[in-house]
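Undergrad: here is a sequence together with a model predicted from it:
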Amino acid sequence: MASLAANLSQSGTMWSVISVAPYAIGLSFFAFAYFVILPYIEYLRDPKGLRKYPNLSPFSGFSAIPFMLMAGRGFRSRELAELHKTHPVIRTAPNALSYGDARAIKDIYGHNTKCTKDGAYSVPVGSHYNLADVVDKPDHARKRKVLSSAYALKNLESWEYKVTDKIQRMFRHFDKVCTLAPKEDVASGKVAPDQKELTLDLRGWNNFFTLDAIADIGLSEKLGFLDAGNDMVTAERKDGSTYQTSLREALYPTARKQSYLLWDYNWYLTINKLVDVIPFFKRMSKSADDWENIMWHRGSKRLERYENGEKLDDFFQALMEDKNGNANNLEWGEVVAECNIMMNAGSVTTAVAITNVMYQLLRNPKALMKLREELDSVLDEDEVVADYDKVKHLPYLRACLDESLRIFPPTSHGLPRETPAEGANILGDWVAGSTTVSMSAFVAHRLESIFPNADQYIPERWLGEEGKSLQPYLIAFSAGARSCIGRNISYLEQAKAVASMVHRYDFALAYPGWELQREETMNLILGDMPVKIWRRDRSAEA
Ligand code: HEM
């Protein structure tokens, strides 16, 4: 009986295999034809004239997969920078060109460009666009007008006290974990400090700082990460239930997933769901939900205060009403979307920037010394947090910040733009309509023709008239109408934080030659930065 049943089930399995086989074969053939043969025919047909450009890989003319795989290797722009040394234009995908010549900056991103943001921005959008992902030019202009008062310098400087407060809180922790001043050989970076004395992860604390600061500037919200020493926050599901989660764990993996998958716009949404069968990607999707839920909770709490008539001095207030108190009448989804981008773009990038400068200064003691001299000449000896008025025009401080933004731009990847329907002239060449074009800031900043010894940290290059003439090639904040609206907030945070840290403390890296780990997602994010920290001893320096 048992063997009859086994035979029956075996023959049943066989029949079902036989009956399914034609469909499987058909499907495979269809997939092969759709994903390989047709794109290859299109590649040979070359209706847009893109075949004249060298391919990133032999497959790039008919598939975006090689470009997607590059993301997995961790630093796409660095690989592109190498390739662009010999090729000014590279075809990275069937419909995408990467540029490696500084003249392309104006053509692609400049004020007069006809290029717009491409599918990379619109495809993943939720219910409402925010200022950074809106594609339509008039809609962008409308949003930028509403938001420009929120981001205006005048508002910004009136919010300085919020940044001061966060630096004070950060320094309470720094003071607590300060170690004893080391011997000269450790202080000068020649000898590794005792590993037990690496009491501070500077990268983590810079991130707590920028998150606490932007939450206060934006939503009058006290996240309290600097007080707690961690980034646990409340998130709220749409059914009203709440839970605790790590903010950075919610924020970073979402960008990582997009950087792997977001290069075939037609298939992104499908691929994005399909890959969730793999736990590695599934975890990233959960992070995206957590991020939405965090922002939903924060936004709702702030709305409650607004509806209760509280007039708070923050970005949210400026979103809801113009300076005369007239309602802006934005839909609630749009308000949440703007808060979302402000918290996201407004924290990650500046934390990366501050960490990078500190890292560069520790690796370049002469630059650090020069900066100290400049700071000591304007700050009182016992001044804990640098007053922005005193440091905002210091040329060497600004040069240190800009040189760091140059050598490792926090948003490093090529920001994709689409040529208008009628095509566009780029580098003197006509490029057909609806083609994706981009130039990575990392690639632009490593051009030897503009930045000699481009791999070296040389703040002096930004000084004087010569330095001024380099500014158009610093595209860490992008360029033109879609350039960063938050750059002034960022410079304020960077200048105050770096000046105050350098003025009050001394640091040593984990060992001579220690390097900061970087991973390029949409941003160039950083690994931990363990340091030994101690209070500066001016008498010993004299
Ligand atoms: C070092 C710090 C920063 C860097 C390197 C940076 C970089 C950039 C870049 C490259 C863009 C263009 C993005 C694109 O075209 O896709 C951009 C746009 C934007 N950034 Fe920043 N950013 C920084 C700080 C900030 C801060 C502090 C905020 C907000 C408080 C902010 C908010 C925005 C917004 C809203 C946009 C979109 C602007 C538009 O399209 O009109 N950023 N940023």
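TA: Now that the structure is in, tell me what you want to look at.
Undergrad: neighbours around whatever residue of the stretch 201-350 of the chain ends up closest to the ligand, how many?
TA: Residue of the stretch 201-350 of the chain nearest the ligand, by Cβ to the nearest ligand atom: Gly346 (2.9 Å). No exception for glycine: its C-beta is placed from N, CA and C like everyone else's. Gly346: 26 surrounding residues under other Cβ atoms under 10 Å.
Undergrad: and Ile105, how far from Ala93?
TA: Going from Ile105 to Ala93 by Cβ to Cβ, to the nearest Å gives 21 Å.
Undergrad: between these two, which has more neighbouring residues?
TA: Shown here are Ile105 and Ala93; by other Cβ under 10 Å, Ala93 has more neighbours (25 against 20).
Undergrad: who touches the residue lying closest to the more buried one once chain neighbours are set aside in this structure?
TA: Nearest residue to Ala93, sequence neighbours excluded (Cβ to Cβ, 6 or more residues apart in numbering): Ala64, at 3.8 Å. Residues near Ala64 by Cβ atoms under 8 Å, 6 or more residues apart in numbering: 92-94, 96, 263-264.
Undergrad: make CSV out of these and add distance to the ligand and secondary structure.
TA: CSV is the format used below for these (distance: Cβ to the nearest ligand atom, whole Å; DSSP: H, G, I helix; E, B strand; the rest coil):
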residue, distance to the ligand, secondary structure
Thr92, 17, strand
Ala93, 18, strand
Pro94, 22, coil
Ala96, 15, strand
Trp263, 15, coil
Asp264, 19, coil
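Undergrad: how about the residues of the stretch 201-350 of the chain that lie near the ligand?
TA: Taking Cβ under 6 Å from any ligand atom as the measure of proximity, the stretch 201-350 of the chain contacts the ligand at 214, 341-342, 345-346, 349-350.
Undergrad: make it 8 Å
TA: 210, 214, 217-218, 315, 338, 341-342, 345-347, 349-350 (Cβ under 8 Å from any ligand atom).
Undergrad: with the stretch 401-542 of the chain instead?
TA: 405, 409-411, 415, 441, 475-478, 481-487, 489-490, 493-494.
Undergrad: give me that answer again for 5 Å
TA: Within the stretch 401-542 of the chain, the residues that sit near the ligand (Cβ under 5 Å from any ligand atom) are 410-411, 415, 476-478, 482, 484-486, 489-490.
Undergrad: and for the closest residue to the ligand within the chain, the neighbour number?
TA: For the chain and the ligand, the shortest gap (Cβ to the nearest ligand atom) falls at Gly486, measuring 2.1 Å. Neighbours of Gly486 under the rule other Cβ under 10 Å: 22.
Undergrad: lowest-pLDDT helix or strand in this structure?
TA: helix 2-32 (a mean of 63; mean pLDDT, DSSP states H and E).
Undergrad: next one: the helix or strand just after it to chain centre, how far?
TA: For helix 2-32, the succeeding helix or strand toward the C-terminus, using DSSP states H and E, is helix 38-45. In terms of Cα atoms, centre = their mean, to the nearest Å, the centre of helix 38-45 is found 35 Å from the chain centre.
Undergrad: how about the residues of the stretch 1-150 of the chain by the ligand?
TA: Near the ligand, when you scan the stretch 1-150 of the chain using Cβ under 5 Å from any ligand atom, you find 131-132.
Undergrad: pLDDT weak spots in the stretch 1-150 of the chain?
TA: Along the stretch 1-150 of the chain, the parts satisfying pLDDT under 70 run over 1-20.
Undergrad: hey, where'd the strands end up in the stretch 301-450 of the chain?
TA: Assigned by DSSP state E, counting those that start in this stretch, the strands in the stretch 301-450 of the chain fall at 417-418, 424-426, 429-431, 436-438.
Undergrad: so what's Leu50 up against?
TA: Applying Cβ under 8 Å, 6+ apart, one finds that Leu50 lies in contact with 61, 91, 94-95, 97, 432, 435.
Undergrad: quick one: the nearest residue to Asp455 once chain neighbours are set aside and Arg302, what's the gap?
TA: Nearest in space to Asp455, with sequence neighbours left out and distances taken as Cβ to Cβ, 6+ apart, is Arg446 at 7.0 Å. According to Cβ to Cβ, Arg446 and Arg302 sit 41 Å apart.
Undergrad: can you check Asp264 too?
TA: From Asp264 across to Arg302, the span is 37 Å (Cβ to Cβ).
Undergrad: between those two, which has more neighbouring residues?
TA: Arg302 (26 against 20).
Undergrad: any low-confidence regions in this structure?
TA: By pLDDT under 70, the low-scoring segments of the chain are 1-20, 153, 542.
Undergrad: domain map for it?
TA: 1-45, 137-541 (automatic domain parsing).
Undergrad: quote the end-to-end distance of the last one.
TA: What it means is domain 137-541. Start-to-end span of domain 137-541 (Cα to Cα, to the nearest Å) is 55 Å.
Undergrad: run the chain-centre distance for it.
TA: On Cα atoms, centre = their mean, the centre of domain 137-541 falls 8 Å from the chain's centre.
Undergrad: for stretch 24-31, same thing?
TA: Computed by Cα atoms, centre = their mean, the separation of stretch 24-31 from the middle of its chain amounts to 40 Å.
Undergrad: what's that stretch in contact with?
TA: Under Cβ under 8 Å, 6+ apart, the answer for stretch 24-31 is an empty list.
Undergrad: what residues of that stretch count as buried?
TA: Judged by neighbour count using 16 or more other Cβ atoms under 10 Å, stretch 24-31 contains no buried positions.
Undergrad: before we move on, what about stretch 86-102?
TA: Applying 16+ other Cβ under 10 Å to stretch 86-102 flags 87-102 as buried.
Undergrad: max pairwise distance over the residues you listed: which two?
TA: Spatial extent of those (Cβ to Cβ) is set by the pair Pro94 and Ala102 at 26.0 Å.
Undergrad: all helices of the stretch 351-500 of the chain, in order?
TA: Counting by DSSP state H, counting those that start in this stretch, one finds helices in the stretch 351-500 of the chain at the ranges 365-376, 388-391, 395-407, 441-445, 464-470, 487-504.
Undergrad: what packs against the longest one?
TA: Just to be clear, that refers to helix 487-504. helix 153-158, helix 160-177, helix 202-219, helix 348-363, helix 365-376, helix 388-391, helix 395-407 (3 or more Cβ pairs under 8 Å, 6 or more residues apart in numbering; DSSP states H and E).
Undergrad: ok, the residue nearest to Asp455 to His84 distance?
TA: For Arg446 relative to His84 (Cβ to Cβ), the value is 9 Å.
Undergrad: next: Tyr252.
TA: As judged by Cβ to Cβ, Tyr252 and His84 stand 27 Å apart.
Undergrad: and the residue nearest to Arg535 when sequence neighbours are not counted, how many residues sit next to it?
TA: Nearest non-adjacent residue to Arg535, counting by Cβ to Cβ, 6+ apart: Cys178, 5.6 Å away. Residues near Cys178, counting by other Cβ under 10 Å, number 19.
Undergrad: quick one: which of the buried residues of stretch 86-102 sit in helices?
TA: Among the buried residues of stretch 86-102, no member falls in helices (criterion: DSSP state H).
Undergrad: residues near the closest residue to Val146 other than its chain neighbours, how many?
TA: Spatial nearest neighbour of Val146, chain neighbours left out: Asn328 (5.5 Å); criterion: Cβ to Cβ, 6+ apart. Number of residues near Asn328 (other Cβ under 10 Å) recorded here: 15.
Undergrad: surely Asn328 is in contact with Phe316?
TA: No. The criterion here is Cβ atoms under 8 Å, and Asn328 misses it with Phe316 at 11.1 Å.
Undergrad: okay if I get the residues of the stretch 201-350 of the chain next to the ligand as JSON lines plus distance to Val123?
TA: Shown next, in JSON lines, are these (distance: Cβ to Cβ, whole Å):
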{"residue": "Thr210", "distance to Val123": "28"}
{"residue": "Ile214", "distance to Val123": "26"}
{"residue": "Ile217", "distance to Val123": "30"}
{"residue": "Gly218", "distance to Val123": "26"}
{"residue": "Phe315", "distance to Val123": "27"}
{"residue": "Glu338", "distance to Val123": "20"}
{"residue": "Ile341", "distance to Val123": "16"}
{"residue": "Met342", "distance to Val123": "22"}
{"residue": "Ala345", "distance to Val123": "18"}
{"residue": "Gly346", "distance to Val123": "23"}
{"residue": "Ser347", "distance to Val123": "24"}
{"residue": "Thr349", "distance to Val123": "22"}
{"residue": "Thr350", "distance to Val123": "27"}
